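# Sequence and predicted structure below; questions after.
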Amino acid sequence: MQSDCFNEHITINEGQDIAVLTYNLQNYFIDSHGVRQAVPLWNCTEVYRLENDKWNIFHNHWSFARHPSVIQNLSA
C-alpha cells in the first residue's frame, strides 16, 4: 500500500491551543502485474488540542472525496 497526501491546510485558533488539519489522501495498491492502482480518494479533518505541552488528536473525520476540484487536482 502506498499513500499520497495533498491539499494540506492547518488553522490554529487565537489561543493557540486548538489546531485543525485538513488534507486529501490517495491510497494505492500494487496489483499482481506490478501496476499501481488507486483506491477511493479521502478527505480528512483532524482536530488537535494542546494539553500539557503536547498536541493530542481530539477529533478526526474521514469521508470520500467527491468535490470536482479535488478529483481534478489528483489527475493533473
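Great, that's in hand.
# which residue sits closest to His9, ignoring its sequence neighbours?
Thr22 (5.0 Å; C-beta to C-beta, 6 or more residues apart in numbering). In short, each C-beta sits where N, CA and C put it, glycine included.
# quick check: longest strand of this protein.
Determined from DSSP state E, the single longest strand within the chain is strand 18-30.
# strands paired with the helix or strand following that strand, and their directions?
Next helix or strand after strand 18-30 toward the C-terminus (DSSP states H and E): strand 36-38. Strand 36-38 has its sheet partners listed here by DSSP bridges as strand 18-30 (antiparallel).
# ok now the partner strand, how far from the chain's centre?
Its chain's C-alpha centre and that of strand 18-30 lie 2 Å apart, by C-alpha atoms, centre = their mean, to the nearest Å.
# What residues of it count as buried?
19, 21, 24-26 (16 or more other C-beta atoms under 10 Å).
# Which residues are in contact with the residue nearest to the spatial centre of the chain?
By C-alpha atoms, centre = their mean, the chain has its centre lying nearest to Tyr23, at 3.4 Å. Neighbour list for Tyr23: 5-9, 44 [criterion: C-beta atoms under 8 Å, 6 or more residues apart in numbering].
# how about Asn52, what does it touch?
Contacts of Asn52 (C-beta under 8 Å, 6+ apart): none.
# Could you report the pLDDT at it?
At Asn52 the predicted local confidence, pLDDT, stands at 96.
# Could you report the separation of the residue nearest to Asn24 when sequence neighbours are not counted from Ala38?
Nearest-residue entry for Asn24: Asn7, 4.8 Å, with adjacent residues in sequence omitted and distances by C-beta to C-beta, 6+ apart. Asn7 sits 16 Å away from Ala38, going by C-beta to C-beta, to the nearest Å.
# do the same with Ile57
Distance from Ile57 to Ala38, by C-beta to C-beta: 26 Å.
# ditto for His61
Distance of His61 to Ala38, computed by C-beta to C-beta: 22 Å.
# ok, now Leu25?
In terms of C-beta to C-beta, Leu25 sits 11 Å off from Ala38.
# Check Tyr48 too.
28 Å.
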